[in-house]
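**Student:** Quick one, fold the following:
(4 chains)
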Protein chains: 2
Amino acid sequence: MAVAQDGLSQVVRNLHLLGGSASRAELTELLGCGRSVMGYLLGELTDRGLIAIDRTGGQPATTDGGRPSHRVLVADTAPTVVAAQLSADTVTAARVGLGGHLSGRVERPLAGGNVTDTVDALGELITEVADGVPNLLGVGVAVPSPVRRSDGYAPAALHLGWPGVPLGDLMRERLPEHTVSLGNDANLAALAEYRHGAGRGAAQLVYLTTAHVGLGGAVVSEGRLFLGARGYAIEPGHITVDVAGQRCPCGSTGCLEIEVDHRGLLRAAGRAGVALEAVTSEVADVMAAAADGEPSAMAAVERVGRHLGTGLATLVTITDADRVVLGGTLGGVYRLCPDIVDDQVGTRSFLVGPGEIPIVPGALPDGELLGAAEMALQPLLDNPKRVLSA
Amino acid sequence: MAVAQDGLSQVVRNLHLLGGSASRAELTELLGCGRSVMGYLLGELTDRGLIAIDRTGGQPATTDGGRPSHRVLVADTAPTVVAAQLSADTVTAARVGLGGHLSGRVERPLAGGNVTDTVDALGELITEVADGVPNLLGVGVAVPSPVRRSDGYAPAALHLGWPGVPLGDLMRERLPEHTVSLGNDANLAALAEYRHGAGRGAAQLVYLTTAHVGLGGAVVSEGRLFLGARGYAIEPGHITVDVAGQRCPCGSTGCLEIEVDHRGLLRAAGRAGVALEAVTSEVADVMAAAADGEPSAMAAVERVGRHLGTGLATLVTITDADRVVLGGTLGGVYRLCPDIVDDQVGTRSFLVGPGEIPIVPGALPDGELLGAAEMALQPLLDNPKRVLSA
DNA sequence: GATGTTTGTGCAGTAGCTGTACAAAGCTAC
DNA sequence: GTAGCTTTGTACAGCTACTGCACAAACATC
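**Tutor:** As a prediction, the model looks like this:
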């Protein structure tokens, strides 16, 4: 049996997807290779300090009566990354290693919308979290705006009030000692859900999430993010869901994001005009009230759910998705009125029957961070040998 | 320099994309490998009868004064495929070899819409074209309906008047001696344009084409068709472009395909209700009149162009395309009113300025056939060794 | 402690490259 | 016509990443 791709890369990838711990027999089965090949591959990875092997056989696990398999673990000497997230009102950072576990998470409120100050706040937090990390492979940053894949340019960080900003260059300038990569937050959260969360195993995953202002979306197609030519693909915020709806700064009316983002939910609940720093708690309040059966809150949630379903129908038809994952507040909306969303998707999608596509809330509270880590870890997953020889 | 993938596959793929003829030095350059590796690879392919090498150096070509490079050609003994196309009123078939050149093209009118008769007519034509072909790798069939990637099931060949039909099984039953694969005609035409036509080099290609009834679309993303989980992706026919527009059998109103397919064009030109067999000539008539400057024909073309642009804007935004290729009549529409289409795309797309995305008419008169051949040739392109050892 | 099962390991062998050295084939200049 | 230059093809030794086989090790059951 030939191994489809490079063996080392496959071992590292599988170990990562299994959370950083797997039995040797399990890996052999997953690669579809012989035991001797696995011996060779694990020897290479051990020599390079990426993995450690536990021969004690702590847990039996087999129950078949045979010789227990060794456990393969990510070594302490393995490379690590720092993941960071920029949102409307906070910056967050944490360390993440192979296996996808967060540690040392730090969150700070973000004062103004000034580009220089924001870059500086991010840079400072990252430097702090990266301090003393022995084998730092790189830094991944999740940004609430479209991000050009070639260089991290942000053409329209509208919700931060910025015009086009060379965010990638600014971040690399601020952190010259690190390898910095940037990605759109929704794309990265989708990637994280696909690899470690509610999107595992999907062939075609559609992900949607809301922020205070704006709607993020992404598609993971056959295991890879659908980025488009420049990196601006999907951007579901401006799909038309209600021609008689609210005006949108983009020039059209009834754009999806106007109806379903946090401001849309608060407006539907009769709480328009809440100050930015109070949005988080107000949204939590409305969601809690709806969960308690309060009629006007529930009506607001259902209105968001209906529009969400309409937008999803278009996305599901175009992408022929077999899974939808809803992040953040949208996951909560779905939990409160699944039938309304399912019904919209079922009746408005071409070739999709009602309830045919599993719609599930996201499983990762820190999806954006984890996705940023995935991006920074990617070179290691793709070509462990090149990364480890350096 | 390591070669990214399997060397044999790369040589075959590049030779195919270069039309079946390339200089040895050219291939070495494209693979980025050493001359000795190329010697080894070409030796393997020659031994297996896939290629032949012309050492005479017919043309100088170099002009640098060095030793002229040998020409690598597809050998007569190389595998060939038969490509077939089913459309509303005809069946077509031809032979295609590595390099993508059609030969022995045969077209037949198709009488009724009966499934059994259609399968039989297709089978007969394919058998005829396949007769006497020495090394037939497989048969590819382009079908004007969504096609399930796993087995060729056609869930809704609406425009042929069929409900769900297991078309793949029926064709394989009819042609048990061949390896038959099926694909959606728009997908296959898009693939052909990407590999051999107006879509070459695009990172993210959006393709649209019209038939008498219905609109086909496809996306080629980073070199591969965007098929979705089941194979039903894109299906642009039911994107809403005019809420106050015509009713569509799908239940909605103002669906894109109602406005821009051949019936839409004829309706806009005041020629609704033309019989199916007269549509082709009537459409040609309208297009010719518009080209001559006849005002009502031109107005009809411009109406189609405007709706086309609106639909394209949505597709371009979602996919972040860097090229649009328009097949069939749509290519002609664009040639007659490029500004109207460009303007719609430029103003209605998020993050796309006017004229930023190149929109071009298709370059291949038989794109669907050629794409069907690409599909049938795929195993050879992916793994020449496996195919040739059998 | 014999038996059966599953697992890890050592070792010889192979496919698919890689790099180097050198010969071949053209052109130009003298 | 041949020396000199350039570019190209080829021979050959060597390496990496596996593959397969035979055998030993580690557990459970009887």
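
**Student:** Near chain B, which residues of the stretch 251-390 of chain A are found?
**Tutor:** For the stretch 251-390 of chain A, the contact set with chain B under CB under 8 Å from any CB of the partner chain comprises A:314-315, A:317-322, A:350-351. Where C-beta positions appear, they are placed from N, C-alpha and C, glycine not excepted.

**Student:** which element follows the helix or strand hosting residue A:14 toward the C-terminus?
**Tutor:** Using DSSP states H and E, residue A:14 maps to helix A:7-17. Sequence order places strand A:21-23 as the next helix or strand after helix A:7-17, per DSSP H and E.

**Student:** how about that following strand, does it reach DNA strand C?
**Tutor:** Yes. Strand A:21-23 is in contact with DNA strand C by CB under 7 Å from any atom of the strand, via residue A:23.

**Student:** How about residues contacting that strand?
**Tutor:** Contacting residues not belonging to strand A:21-23 are listed as A:14-15, A:61, A:69-74, A:99 [CB atoms under 8 Å, 6 or more residues apart in numbering or on different chains].

**Student:** for stretch A:304-314, same thing?
**Tutor:** Contacts of stretch A:304-314 (CB under 8 Å, 6+ apart): A:206, A:208, A:236, A:239, A:241-242, A:256, A:259-260, A:264-265, A:268, A:324, A:326, A:330, A:333-334, A:336-337, A:340-345, A:347-349, A:352, A:359, B:239.

**Student:** Inside helices: which ones of the residues you listed?
**Tutor:** Those of those mapping onto helices are A:256, A:259-260, A:264-265, A:268, A:330, A:333-334, A:336, A:340-345, A:347-348, per DSSP state H.

**Student:** With secondary structure added, can I get the residues of the stretch 251-390 of chain A next to chain B in CSV?
**Tutor:** Output for those, formatted as CSV (DSSP: H, G, I helix; E, B strand; the rest coil):
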residue, secondary structure
A:314, helix
A:315, helix
A:317, helix
A:318, helix
A:319, helix
A:320, coil
A:321, coil
A:322, coil
A:350, coil
A:351, coil
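
**Student:** Out of the residues you listed, which is nearest to chain B?
**Tutor:** Among these, residue A:320 lies closest to chain B (CB to the nearest CB), at 2.4 Å.

**Student:** Can you tell me which residue sits nearest the middle of chain A?
**Tutor:** In chain A, the C-alpha nearest the mean C-alpha coordinate belongs to residue A:189, at 1.1 Å (CA atoms, centre = their mean).

**Student:** quick one: low-confidence ranges for chain A?
**Tutor:** Scanning chain A for pLDDT under 70 picks out A:1-5, A:57-63, A:158-160, A:242-244, A:251, A:390.

**Student:** all helices for it, in order.
**Tutor:** Along chain A, counting by DSSP H, helices occupy A:7-17, A:24-31, A:35-47, A:115-130, A:167-174, A:185-196, A:256-260, A:262-268, A:279-291, A:295-319, A:328-336, A:338-348, A:367-382, A:384-389.

**Student:** Next, the angle from the second one to helix A:35-47.
**Tutor:** With axes from the mean of the first three to the mean of the last three CA atoms, to 10 degrees as the basis, helix A:24-31 and helix A:35-47 are set at 110 degrees to each other.

**Student:** Show me what helix A:24-31 is in contact with.
**Tutor:** A:3, A:7, A:10-11, A:14-15, A:18, A:34-35, A:37-38, A:42, A:53, A:69-72.

**Student:** Say whether DNA strand C is contacted by it.
**Tutor:** Yes. Applying CB under 7 Å from any atom of the strand, one finds helix A:24-31 in contact with DNA strand C at A:24-25, A:28.

**Student:** circling back to that earlier point, got a ChimeraX select line for the buried ones in the contacts of helix A:24-31?
**Tutor:** In ChimeraX, a selection of the buried entries from those looks like this (16 or more other CB atoms under 10 Å in any protein chain shown):
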select /A:7,10,11,14,15,18,37,38,42,69,71,72
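
**Student:** ok, which of the contacts of helix A:24-31 also contact DNA strand D?
**Tutor:** Checking the contacts of helix A:24-31 against DNA strand D (CB under 7 Å from any atom of the strand), the matches are A:3, A:7, A:34-35, A:37.

**Student:** ok, so of these, who is nearest chain B?
**Tutor:** Closest approach between these and chain B, by CB to the nearest CB: residue A:3, at 12.5 Å.

**Student:** Inside strands: which ones of the contacts of strand A:21-23?
**Tutor:** A:71-74 (DSSP state E).

**Student:** of all the residues you listed, which comes closest to residue B:106?
**Tutor:** Closest approach to residue B:106 among the ones in strands among the contacts of strand A:21-23 (CB to CB): residue A:72, at 58.9 Å.

**Student:** From what I see, the closest one and residue A:46 are in contact.
**Tutor:** No. Applying CB atoms under 8 Å, one finds residue A:72 not in contact with residue A:46, separated by 9.2 Å.

**Student:** Could you pull out the residues contacting both of those two?
**Tutor:** With CB under 8 Å, 6+ apart, residue A:72 and residue A:46 have common neighbours residue A:53.

**Student:** Can you pull the residues of chain A lying near DNA strand C?
**Tutor:** Contacts of chain A with DNA strand C, taken as CB under 7 Å from any atom of the strand, map to A:23-25, A:28, A:35-36, A:38-39, A:42, A:62, A:64-70.

**Student:** from these, which would you call buried?
**Tutor:** Buried residues within the residues of chain A next to DNA strand C, counting neighbours by 16+ other CB under 10 Å: A:23-25, A:28, A:38, A:42, A:68-69.

**Student:** Now distance to residue A:136 too, for those, in JSON lines please.
**Tutor:** Converted to JSON lines, these look like this (distance: CB to CB, whole Å):
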{"residue": "A:23", "distance to residue A:136": "29"}
{"residue": "A:24", "distance to residue A:136": "28"}
{"residue": "A:25", "distance to residue A:136": "33"}
{"residue": "A:28", "distance to residue A:136": "31"}
{"residue": "A:38", "distance to residue A:136": "29"}
{"residue": "A:42", "distance to residue A:136": "24"}
{"residue": "A:68", "distance to residue A:136": "35"}
{"residue": "A:69", "distance to residue A:136": "32"}
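
**Student:** DNA strand D: which of those is nearest?
**Tutor:** residue A:68 (5.0 Å; CB to the nearest atom of the strand).

**Student:** State the distance from that closest one to residue A:206.
**Tutor:** In this view, residue A:68 and residue A:206 are 41 Å apart by CB to CB, to the nearest Å.

**Student:** you'd agree residue A:214 is up against residue A:144?
**Tutor:** Yes. Counting by CB under 8 Å, residue A:214 touches residue A:144, with 7.1 Å between them.

**Student:** Could I get the contacting residues of residue A:332?
**Tutor:** A:287, A:361.

**Student:** go again using 7 Å as the cut-off
**Tutor:** By CB atoms under 7 Å, 6 or more residues apart in numbering or on different chains, the contact set of residue A:332 is residue A:287.

**Student:** can you check residue A:116 too?
**Tutor:** So residue A:116 contacts nothing (CB under 7 Å, 6+ apart).

**Student:** can you check residue A:13 too?
**Tutor:** Residues near residue A:13 by CB under 7 Å, 6+ apart: residue A:381.

**Student:** what's the answer for residue A:83, then?
**Tutor:** Taking CB under 7 Å, 6+ apart, one finds A:93-94, A:96, A:140, A:369-370, A:372-373, A:376 in contact with residue A:83.

**Student:** Could you rerun that using 6 Å?
**Tutor:** Residue A:83 is in contact with A:94, A:96, A:140, A:369, A:372-373, counting by CB atoms under 6 Å, 6 or more residues apart in numbering or on different chains.

**Student:** any idea which of these has the most stuff around it?
**Tutor:** residue A:372 (34 neighbours; other CB atoms under 10 Å in any protein chain shown).

**Student:** For that residue, which non-adjacent residue is closest in space?
**Tutor:** Excluding its sequence neighbours, the residue lying closest to residue A:372 (CB to CB, 6 or more residues apart in numbering or on different chains) is residue A:140, at 3.5 Å.

**Student:** Kind regards, and thank you for your time.
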